[in-house]
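**Q** Got a sequence here, can you model it:
(2 chains)
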2 protein chains.
Amino acid sequence: MDGSLSGLGDISTPGRVAGPDEGVTAQELALATRNHGLPLEALRYEVTPPGLHYVLVHYDIPATEADGWRLTVGGRVLRPLTLDLDALRARPAVTRRVTLECAGNGRARLTPRPVSQPWLDEAVGTADWTGVPLAELLAEAGIAEDAAEAVFTGADHGIERGVEQDYRRALPLATAADPARDVLVAYAMNGAPLPPQHGSPLRLVVPGWYGMAHVKWLRDITLTPTPYTGFQQSVAYRVRQAAEDPGEPVTLIAPRALMVPPGFPDFMSRTRVVRPGRVPLTGRAWSGHGPITRVEVSEDGGAVWTDAELHRDPDHPWAWTAWRTTWTATPGLRHLTVRATDARGNVQPMTQPWNRGGFANNHVQRVEVLCTPATTETAPAATETAPAATGTTPAATETTPAATEPRSARPPA
Amino acid sequence: MDGSLSGLGDISTPGRVAGPDEGVTAQELALATRNHGLPLEALRYEVTPPGLHYVLVHYDIPATEADGWRLTVGGRVLRPLTLDLDALRARPAVTRRVTLECAGNGRARLTPRPVSQPWLDEAVGTADWTGVPLAELLAEAGIAEDAAEAVFTGADHGIERGVEQDYRRALPLATAADPARDVLVAYAMNGAPLPPQHGSPLRLVVPGWYGMAHVKWLRDITLTPTPYTGFQQSVAYRVRQAAEDPGEPVTLIAPRALMVPPGFPDFMSRTRVVRPGRVPLTGRAWSGHGPITRVEVSEDGGAVWTDAELHRDPDHPWAWTAWRTTWTATPGLRHLTVRATDARGNVQPMTQPWNRGGFANNHVQRVEVLCTPATTETAPAATETAPAATGTTPAATETTPAATEPRSARPPA
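**A** Below is the predicted model:
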């Protein structure tokens, strides 16, 4: 063997935070190119189209097959179950529209930055999940009197911070077995079989909880009499200030509002451009703690707030709430901010309290918008014209500073 | 207006390369969280499932509607056309399986790093695209004698390097109008209407060319008598050494092979772990210049190469070619490398020639693999066990260094 090798500890190191001026690392980039967020303009869709819903995969997407897949339900149950897909599909199907957010959303905006999947604001999505209520499966299996938790095991296998593991998480039975919590063993997303990256053929859906609870590629449910202390429960997904703190578990989603960035973007800076006048602002807001009761927008960084109209769909209590308002844009560089409040009185913070893993962040979104002046003498920029079908050079204005629409009658200075 | 505002030039700056020790910037990260690559384990699928195909969107995904969408064909044609989706679907449908790669794939591995979408190796995917051959539409419109190029305009609008524009690219008619090149105006991907991020409701598909040619949200085709010199043709997508060089245009895809990373990964480092013994290695290879004729794998960084078996499907000449071989893993840290050769004799380089925009890279893929020893005394790492249904603590081994499978009979030192 190589003399340089000293074991798995060399390739799987403890969690850390970035140094004061440390840019995003190659390892964080490798995660960012694999996993992806919701492009924020896709907030326009009430149900996120396939491929736009956020995806976070800890290890590899496993090579699963629906044929032959078995879900076992065991441990502290009276009648252990082994179910294939047909057996699950034969039961009455339940569909729930659920907004799902990654527990690490917003991590890359923290200072210092916890080094992990580097989300900004976009690790969210909403889907219609179809499956069997977990409460019904547990009732069928019969919960032993001393059972306290349900432990869910996925088929994805890897190493994390030195621990080799299948991805595994637990829920207290107070959540797992409560029909009102609507926990599902889901086999369909938006009316189609689960895509590979969303847990094909089976996943858990836990409405209101951050994504880590929604175990994908679900193959086993084991009821236990004592709290589960595995890696993803006791090491990862804890809100803590220092590595040695036990910390608090990450559970329900904190309230968050996001806006569809108005106008159009610059490719590289993603700064938005709008024309002066009334600009509709729309977006969505959600909380795992209860209904969204208020969404406010500010154009001045939070000095003055304007209430947005909310459009909640009572048929979909676990899905995000649409909001809209109108902003009167005047020339200048603006910083739009949006914040949500939920029925429990939780409000998004303007500055994010820090935690070492970068979990459960819900600081307000800030969108930089340049409102261009009605006349253009201070805003030189080239505008590309449509191709000419005549013999002249088709895009002569590209190399000449020219007005953006609406065009100025005055030639560029 | 704000005194700080001096115009669009402030939010849309010229292209640049990163400084010697400059980590990935916040702007690059914002692109990386929006756009996404193919998770490399998804190379296992001949046709990439929805949501796993790479996506690169320059501006926003536009809010398009198939109802009422019109494609215009004009300029130097004899009979201008205006076609809706029904008119396109009424024509004989053609389906082509096409491997598509972003022209910027590999950019983030260059030194110095061009600052743009920071791809590593994964900006690729293969889909079955269904639509109408462009050559047939052009024949129907009648190509004027002096027409030289077809210019394609999408509905996505933004600013890039100071130029406000709709996304627009041209093809020489020698390509656009040649039935043998199989250029399609496509309305379906893998048998379903195009998803929003892949150009709904219409896009161009140009087999063998890098992604920038496959104009999404296609709304206009204009034939011109002179070469098109718009931003995406003459400024972007050129292979150049310095900003002032005219450079060479990016066109056909250079050969590349990628491997499904073997074994299982560490979450953060993405380093792979395998057990000693025979390990199947599989992957796919492609080139826009012609069929793949050879794929070779090395376990020692390129000193010794082993030929892989190729499995080309003659029904799908524009799609990637599957390859496979077997590697005998022995304990140690290994660097697997794979390289492809095409029928034109193009071979992937071991070190990438640099260019300022980071286009058309095709350096070999390198995969770091740790083969664990059969015994474990040099590889201390915890292994998580399944949850216990008894009253004992379920995961006691997590905090104790323990053997990875296969387990050693010897206790940890």
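
**Q** Tell me where chain A has helices.
**A** A:26-34, A:85-89, A:134-141, A:173-176 (DSSP state H).

**Q** Among those helices, which comes closest to chain B?
**A** helix A:26-34 (4.1 Å; Cβ to the nearest Cβ). Using the backbone N, CA and C atoms, a C-beta is placed for each residue, glycine as well.

**Q** what's the domain layout of chain A?
**A** A:8-249, A:256-371 (automatic domain parsing).

**Q** Report the mean per-residue pLDDT for the shortest one.
**A** Per-region confidence: domain A:256-371 scores 97 on mean pLDDT.

**Q** Endpoints of it, how far apart?
**A** 26 Å (Cα to Cα, to the nearest Å).

**Q** Can you give the distance from it to the centre of its chain?
**A** On the basis of Cα atoms, centre = their mean, to the nearest Å, domain A:256-371 sits 15 Å off its chain's mean C-alpha point.

**Q** Roughly how far does the residue lying closest to A:Pro207 once chain neighbours are set aside sit from A:Arg339?
**A** Closest residue to A:Pro207 apart from its sequence neighbours, by Cβ to Cβ, 6 or more residues apart in numbering or on different chains: A:Trp318 at 3.8 Å. Here the criterion is Cβ to Cβ, to the nearest Å. By it, A:Trp318 lies 21 Å from A:Arg339.

**Q** Between those two, tell me which one has more neighbours.
**A** Shown here are A:Trp318 and A:Arg339; by other Cβ atoms under 10 Å in any protein chain shown, A:Arg339 has more neighbours (23 against 19).

**Q** Run through the bridge partners of the more buried one.
**A** Taking DSSP bridges as the rule, A:Arg339 bridges to A:Glu296.

**Q** these two touch, right, it and A:Asn362?
**A** No - A:Arg339 lies out of contact with A:Asn362 (Cβ atoms under 8 Å); the separation is 9.2 Å.

**Q** which residues are common contacts for those two?
**A** Residues touching both A:Arg339 and A:Asn362 by Cβ atoms under 8 Å, 6 or more residues apart in numbering or on different chains: A:Gln348.

**Q** contacting residues around the residue lying closest to A:Glu384 once chain neighbours are set aside?
**A** The shortest distance from A:Glu384 to any non-neighbouring residue, by Cβ to Cβ, 6+ apart, is to B:Gln165 (3.8 Å). Going by Cβ under 8 Å, 6+ apart, B:Gln165 touches A:Thr383, A:Glu384, B:His157, B:Gly158, B:Ile159, B:Gly230, B:Phe231, B:Gln232.

**Q** what about the first one, distance to A:Thr25?
**A** Relative to A:Thr25, A:Thr383 is positioned 38 Å away (Cβ to Cβ).

**Q** The two: which is more packed in?
**A** It is A:Thr383, of A:Thr383 and A:Thr25, that has more neighbours when counted by other Cβ under 10 Å, with 19 against 16.

**Q** Let me know how buried the residue of chain A found nearest chain B is, in neighbour terms.
**A** Using Cβ to the nearest Cβ, the closest approach of chain A to chain B is made by A:Gly23 at 1.7 Å. For A:Gly23, the count of nearby residues is 19 (other Cβ under 10 Å).

**Q** Let me see the contact set for A:Trp305.
**A** A:Glu296, A:Val297, A:Ser298, A:Arg339.

**Q** and if we set it to 6 Å?
**A** A:Trp305 sits next to A:Glu296, A:Ser298 when contact means Cβ atoms under 6 Å, 6 or more residues apart in numbering or on different chains.

**Q** Quick one: residues contacting A:Thr72.
**A** A:Thr82, A:Asp220 are the contacts of A:Thr72 under Cβ under 6 Å, 6+ apart.

**Q** Tell me what it is bridged to.
**A** A:Thr82, A:Asp220.

**Q** What pLDDT does the model give it?
**A** Predicted confidence (pLDDT) for A:Thr72: 98.

**Q** any idea how far B:Val124 is from it?
**A** In terms of Cβ to Cβ, A:Thr72 sits 37 Å off from B:Val124.

**Q** A:Gly37 too?
**A** 20 Å.

**Q** Then A:Met268?
**A** 23 Å.

**Q** Straight-line length of stretch A:285-295, end to end?
**A** 8 Å.

**Q** and what of stretch A:177-192?
**A** 26 Å.

**Q** what's the neighbour count on A:Glu160?
**A** 21.

**Q** next one: the one 10 residues further on
**A** Other residues within reach of A:Ala170, judged by other Cβ under 10 Å, total 27.

**Q** Could you find the closest non-adjacent residue to it?
**A** In space, A:Ala170 is closest to A:Tyr228, 3.6 Å off (Cβ to Cβ, 6+ apart).

**Q** What's opposite A:Ala188 in the beta bridge?
**A** Under DSSP bridges, the residues paired with A:Ala188 across the bridge are A:Thr130, A:Pro193.

**Q** does it really touch A:Val132, like I thought?
**A** No - at 11.0 Å, A:Ala188 does not count as touching A:Val132 under the criterion of Cβ atoms under 6 Å.

**Q** With neighbour numbers in mind, choose between those two.
**A** Neighbour totals were compared for A:Ala188 and A:Val132, and A:Val132 leads with 23 against 17 (other Cβ under 10 Å).

**Q** which residues touch the more buried one?
**A** Taking Cβ under 6 Å, 6+ apart, one finds A:Leu88, A:Arg91, A:Val185 in contact with A:Val132.

**Q** now the second one: how far from A:Leu71?
**A** Applying Cβ to Cβ, one obtains 12 Å for the distance of A:Arg91 from A:Leu71.

**Q** Just want to know which of these two has more residues nearby.
**A** Each of A:Arg91 and A:Leu71 has its neighbours counted (other Cβ under 10 Å); A:Leu71 has more, 21 against 15.

**Q** Counting neighbours, what do you get for the residue nearest to that one when sequence neighbours are not counted?
**A** Nearest residue to A:Leu71, sequence neighbours excluded (Cβ to Cβ, 6+ apart): A:Leu83, at 4.8 Å. Neighbourhood size, A:Leu83 [other Cβ under 10 Å]: 21.

**Q** For the stretch 1-150 of chain A, which segments are assigned as strands?
**A** Under the criterion DSSP state E, counting those that start in this stretch, strands of the stretch 1-150 of chain A are mapped to A:71-75, A:81-83, A:94-101, A:124-133, A:149-160.

**Q** who wins for proximity to A:Ala389 among these?
**A** strand A:124-133 (43.1 Å; Cβ to Cβ).
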